[in-house]
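Asks: From the sequence below, what's the structure:
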Amino acid sequence: MIFTACLRRFSALLCMVAMLFLVGACSNLDKAGSSVRGAVEPYRMEIVQGNVVSREQVAALPKGASRAQVVAVLGTPLLTSVFHADRWVYAFSLTRQGKPSQLRHVTVFFKGDQLERVDADELPSESEFVGSLRTAVPLPAPKSMEASPEALAKFPLPAAAVPAPPLPPARASYPPLEP
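Replies: From the prediction side, this is the model:
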């Protein structure tokens with residue numbers, strides 16, 4: 001009886017110590033998880049939205065241009081409003097993993113059907129924009145695909161195949177399609 005009472009107390013003490021270790025381990029899990037999250041980063045795809053407008057395009061817009069001419073140079077606006085019919089907004093965003101997001105706005109104001117003014121963020125030139133895009137990963141030089149005569153000697157050629165029987169001669173005339 002004394003032995004079972006001691007065994008119960010010992011098992012209760014052992015359970016409490018185990019619980020303390022588990023609670024302590026849980027608090028360290030957060031630190032371990034953050035270090036793993038920092039080492040392994042999930043892939044985030046490149047997201048391009050809106051109209052790419054360059055400095056050259058804005059410079060090509062003459063004051064007084066019609067709406068059709070603006071669409072021909074800049075493309076269809078991303079945002080038009082019923083309440084602000086004389087204002088078109090061209091927006092562009094580029095989000096890439098490991099790089100800061102690019103966000104640019106170009107607002108075109110009309111007076112009637114004529115271009116009045118253009119308000120724009122700092123725009124890149126076309127060559128600057130193309131240069132900022134991701135370049136392809138360089139591939140290694142291709143390996144030679146030619147086999148030396150010594151390498152070909154390792155693979156014996158199959159025995160000569162039996163020639164196929166000749167085809168019958170083609171018919172000179174065809175039967176009529178209808179009786």
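Asks: Now do the strands in this protein.
Replies: Using DSSP state E, the strands found in the chain span residues 47-50, 79-80, 87-95, 102-111, 114-120.
Asks: mean pLDDT lowest for which of these?
Replies: Among those, strand 79-80 carries the lowest mean pLDDT, at a mean of 81.
Asks: in the chain, which ranges drop under the pLDDT threshold?
Replies: Confidence mapping of the chain against pLDDT under 70 gives the ranges 1, 3, 5-7, 23-39, 134-137, 159-161.
Asks: Put together CSV for the strands of the chain, with mean neighbour count and distance to Ala153 on each row.
Replies: (Each C-beta comes from the backbone N, C-alpha and C, glycine too.) Shown next, in CSV, are these (neighbours: other CB atoms under 10 Å; distance: least, CB to CB, whole Å):
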stretch, mean neighbour count, distance to Ala153
strand 47-50, 13, 55
strand 79-80, 12, 71
strand 87-95, 18, 57
strand 102-111, 17, 60
strand 114-120, 15, 70
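Asks: List just the one of these that sits closest to Leu61.
Replies: The closest approach between Leu61 and any of the strands of the chain, judged by CB to CB, belongs to strand 114-120 at 6.2 Å.
Asks: hang on, the earlier thing: including distance to Ala60, could the strands of the chain go into TSV?
Replies: As requested, the strands of the chain are arranged in TSV below (distance: least, CB to CB, whole Å):
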stretch	distance to Ala60
strand 47-50	19
strand 79-80	21
strand 87-95	14
strand 102-111	13
strand 114-120	11
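Asks: Show me how this structure divides into domains.
Replies: Per automatic domain parsing, the structural domains of the chain span 8-40, 47-132.
Asks: hmm, back to that, which one of the strands of the chain lies closest to Phe10?
Replies: Proximity to Phe10 (CB to CB) singles out strand 87-95 among the strands of the chain, at 59.8 Å.
Asks: winner for burial among the domains of the chain?
Replies: Ranked by mean neighbour count, the domains of the chain are led by domain 47-132 with a mean of 14 (mean count of other CB atoms under 10 Å).
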